[in-house]
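A.B. asks: build me a model from this:
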Amino acid sequence: MKRIPTGTVGLDTVLRGGLVADSITLLGGPPGSGKTILAESCLFTNASESRPGLYLSTVSEPFDKILRYGQSLSFFDVTKIGSAVFYDDLGDVLVRDGLGAVSDLISALVKEHRPGVVVIDSFKAMKAFATDEADFRRFLHDLAGRFTALAVSSIWVGEYSVEDAFASAEFAVADAVITLETKRAVERSTRYLSIAKLRGSGFLSGDHVYRVTRDGLQVFPRLADPAEHEAYVAPGERVSTGVPALDHCLEDGYWPGSTTLIAGPSGIGKTLMGLHFLYAAGPRKEPGILLTLQENRTQLARVIDRFGWSIDDPSVCIMDRSPVDAYVDELVYQLLDAMQEFGARRIVVDSYTDLARLSPDRTRLREFTYSLIQRCARNGVSLMFTHETVELFGISRMSDYGISNISDNVVLLQHFPDGTDMKRAINVVKSRGTAPLTGIREFTISPKGIEVGEPVDANRLYRP
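C.D. replies: So this is what the prediction gives:
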């Protein structure tokens, strides 16, 4: 089927190519959710002088306000107004003469401009001017028939909730139904877009996070990849952990494309372990990415310089992000884009604990974690997560999020008391496809970084 772009790349991905051409789309959501911005984005994206875009307002917002606020958007091209994009107001005719006169006016405007896309905003508001339900249904049937006969793609915008969309007569007439909503969890509010209906086509199901920006809506399709059964080539040469003694414990390092979890309490050296992994790849010409939600670039530079590395090393890309108002879906897509652009072979996420806090939905968290791991594995990219455990001594559980189950390697770092001193210990808890040395060893942090030493009696670790 022929498609038309929405002006939003992520939404076109969700729709598997855009809206079906010459169809009717019902676009619903509460005030301020971005409905008008999305509709105008679609209008300007598809408008041309031969097939203009026609925007019709009703009784929701004043005509001049729509134009005034529209000019603040980057896609709003004022040179197209009057030639490729036309605005008109149905409100006066609707209030004065009712739905029948509005239907005639729409037909006259469509015949005059011969548009490819027509937006009616707000469509829901017109229902209040119907004499009864039968009158409104006749109006719907007549309007849908005219748009279909003239091969016009139309977008009907309204303050429909998900429940309204299924209960309204408009839902039966529409070929596609897109809903926007905001969900709140604790102190965080997240915007979600979903497809309730798309006639003649499949689409990506579920809730998709989006932002409203000056460039329109930025949609981040739900990252939930199905299992792929096609075989791929897995590199055979192991990659160094960056710590020689740890390489020895793992039979010369990690498998390429594997996922490693570095778990331990605060201050134990998890971030440093990740930096070892990244900077060890420089001489091998394997670019790496550090995604951190804990420290900014200046703070990281102090740590990195102390151990003889450089934050300006061209083989390491630093992505420092704030956890404030961050969407985990957005972060993951930024990471995947950077992986492709940078040609990364190693990625460190510091930390998985912070990612989990950004995603209150545990099922969604596990879905995108699995998908990210699989995408990295198929591309031979070695992935490392750091994760903060709760207990300072005698760690009894690895993670509440199930990340240890799907990781190929699990390395546990922990504190243990030695008289008046607090020391550090490391052991490899899990390593798929490897027979690791399972002993618990003491390690120290020196100007050279992490140095692994002698075995430690387990009784010293778990002693009260």
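A.B. asks: who does the host helix or strand of residue 302 touch, helix- and strand-wise?
C.D. replies: According to DSSP states H and E, residue 302 maps onto helix 297-306. When contacts are defined as 3 or more Cβ pairs under 8 Å, 6 or more residues apart in numbering; DSSP states H and E, helix 297-306 sits against helix 270-279, strand 316-320. (Glycine included, C-beta is placed from N, CA and C.)
A.B. asks: just the buried residues of it, please?
C.D. replies: Neighbour counts over helix 297-306 (16 or more other Cβ atoms under 10 Å) mark 300-301, 304 as buried.
A.B. asks: can you check stretch 241-253 too?
C.D. replies: Across stretch 241-253, burial judged by 16+ other Cβ under 10 Å covers 241-243, 246-247, 249-250, 253.
A.B. asks: which members of these are the farthest-apart pair?
C.D. replies: 242 and 249 (13.1 Å; Cβ to Cβ).
A.B. asks: would you map out the domains in this structure?
C.D. replies: Each domain of the chain is listed here as a residue range: 3-220, 244-461, per automatic domain parsing.
A.B. asks: out of the ones you listed, nearest to residue 231?
C.D. replies: Nearest of those to residue 231, taken as Cβ to Cβ: domain 244-461 at 10.3 Å.
A.B. asks: centre of the chain to that closest one, how far?
C.D. replies: Centroid displacement of domain 244-461 relative to its chain, using Cα atoms, centre = their mean, to the nearest Å, is 22 Å.
A.B. asks: pLDDT on that domain, on average?
C.D. replies: For domain 244-461, the mean per-residue pLDDT is 88.
A.B. asks: also stretch 107-121?
C.D. replies: 95.
A.B. asks: mind checking the end-to-end distance for that stretch?
C.D. replies: Terminal residues of stretch 107-121 lie 16 Å apart, using Cα to Cα, to the nearest Å.
A.B. asks: repeat that for stretch 343-353.
C.D. replies: Using Cα to Cα, the end-to-end distance of stretch 343-353 comes to 26 Å.
A.B. asks: now do that stretch: everything it contacts.
C.D. replies: Stretch 343-353 is contacted by residues 239, 256, 261, 270-271, 274-275, 277-278, 281, 286-294, 317, 335, 338-339, 355, 369, 376, 380-388, 399, 401, 403 when judged by Cβ atoms under 8 Å, 6 or more residues apart in numbering.
A.B. asks: dump the residue contacts of residue 452.
C.D. replies: Residue 452 makes contact with 243, 245-246, 249, 426, 441-443, according to Cβ under 8 Å, 6+ apart.
A.B. asks: now the angle between helix 297-306 and whichever strand or helix holds it, please.
C.D. replies: Taking DSSP H and E as the definition, one finds residue 452 inside strand 449-455. Interaxial angle, strand 449-455 versus helix 297-306 (axes from the mean of the first three to the mean of the last three Cα atoms, to 10 degrees): 60 degrees.
A.B. asks: can you give me the buried ones in strand 449-455?
C.D. replies: For strand 449-455, burial by neighbour count (16+ other Cβ under 10 Å) applies to 449-450, 452.
A.B. asks: adjacent strands (with direction) for it?
C.D. replies: Partners of strand 449-455 in the sheet, by DSSP bridges, are strand 441-446 (antiparallel).
A.B. asks: name the residues that touch the strand it pairs with?
C.D. replies: The contact list for strand 441-446 (Cβ under 8 Å, 6+ apart) reads 245, 249, 269, 272, 413, 423-427, 450-456.
A.B. asks: same thing but 7 Å
C.D. replies: Here strand 441-446 makes contact (Cβ atoms under 7 Å, 6 or more residues apart in numbering) with 269, 272, 423-427, 450-456.
A.B. asks: tell me where the stretch 51-200 of the chain has helices.
C.D. replies: Listed in chain order, the helices found in the stretch 51-200 of the chain under DSSP state H, counting those that start in this stretch are 63-70, 91-97, 99-113, 133-149, 162-167, 169-173.
A.B. asks: contacts made by the third one with the rest, please.
C.D. replies: Spelled out, that is helix 99-113. Here helix 99-113 makes contact (Cβ under 7 Å, 6+ apart) with 52, 54, 56, 86, 88, 90, 93-94, 118, 126, 129-130, 135, 139, 142-143, 146, 150, 152.
A.B. asks: turn the contacts of residue 452 into CSV, columns for distance to residue 221.
C.D. replies: Below are the contacts of residue 452 laid out as CSV (distance: Cβ to Cβ, whole Å):
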residue, distance to residue 221
243, 38
245, 43
246, 37
249, 40
426, 39
441, 44
442, 46
443, 42
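A.B. asks: which one of those residues sits closest to residue 162?
C.D. replies: When the contacts of residue 452 are compared for distance to residue 162 (Cβ to Cβ), residue 426 wins out at 49.9 Å.
A.B. asks: what about that closest one, neighbour count?
C.D. replies: As a burial measure, residue 426 scores 26 neighbours (other Cβ atoms under 10 Å).
A.B. asks: for residue 212, which non-adjacent residue is spatially closest?
C.D. replies: Using Cβ to Cβ, 6 or more residues apart in numbering and skipping the chain neighbours, the partner closest in space to residue 212 is residue 34 (4.2 Å).
A.B. asks: list the residues that contact the one you found.
C.D. replies: Applying Cβ under 7 Å, 6+ apart, the residues contacting residue 34 are 180, 212, 217.
A.B. asks: go again with 10 Å.
C.D. replies: Residue 34 makes contact with 8, 27, 41, 180, 191, 193, 210-213, 216-217, according to Cβ atoms under 10 Å, 6 or more residues apart in numbering.
A.B. asks: now swap in residue 179 and tell me
C.D. replies: 26-30, 33, 35, 160-166, 192-197, 207.
A.B. asks: same thing but 7 Å
C.D. replies: Counted by Cβ under 7 Å, 6+ apart, residue 179 has contacts 28-29, 162, 165, 194, 196.
A.B. asks: please apply the same query to residue 204.
C.D. replies: Counting by Cβ under 7 Å, 6+ apart, residue 204 touches 14, 221-222.
A.B. asks: the residues you listed in helices, which ones?
C.D. replies: Judged by DSSP state H, the contacts of residue 204 include residue 14 as members of helices.
A.B. asks: which residues are contacting stretch 369-377?
C.D. replies: Under the criterion Cβ under 7 Å, 6+ apart, residues 223-225, 257, 259, 332, 336, 347, 383, 403, 406 lie in contact with stretch 369-377.
A.B. asks: can you rerun that using 8 Å?
C.D. replies: With contacts defined as Cβ under 8 Å, 6+ apart, stretch 369-377 is touched by 223-225, 228, 234, 257-259, 332, 335-336, 339, 347, 352, 381-383, 401, 403, 406.
A.B. asks: before we move on, back to that, filter the contacts of residue 204 down to the buried ones.
C.D. replies: Among the contacts of residue 204, those classed as buried by 16+ other Cβ under 10 Å are 14, 221-222.
A.B. asks: nearest to residue 203 among these?
C.D. replies: Residue 203 lies nearest to residue 14 out of these, by Cβ to Cβ, at 6.0 Å.
A.B. asks: phi first, then psi, for residue 253.
C.D. replies: Phi and psi for residue 253, reported as degrees, to the nearest 10, are phi 110, psi -170.
A.B. asks: got the contact list for it?
C.D. replies: The contact partners of residue 253, taken as Cβ under 8 Å, 6+ apart, are 238-241, 247.
A.B. asks: residue contacts, the one residue sitting closest to the centre of the chain?
C.D. replies: Centroid-nearest residue in the chain: residue 329, 2.5 Å away (criterion: Cα atoms, centre = their mean). By Cβ under 8 Å, 6+ apart, the contact set of residue 329 is 208-209, 220, 222-223, 368.
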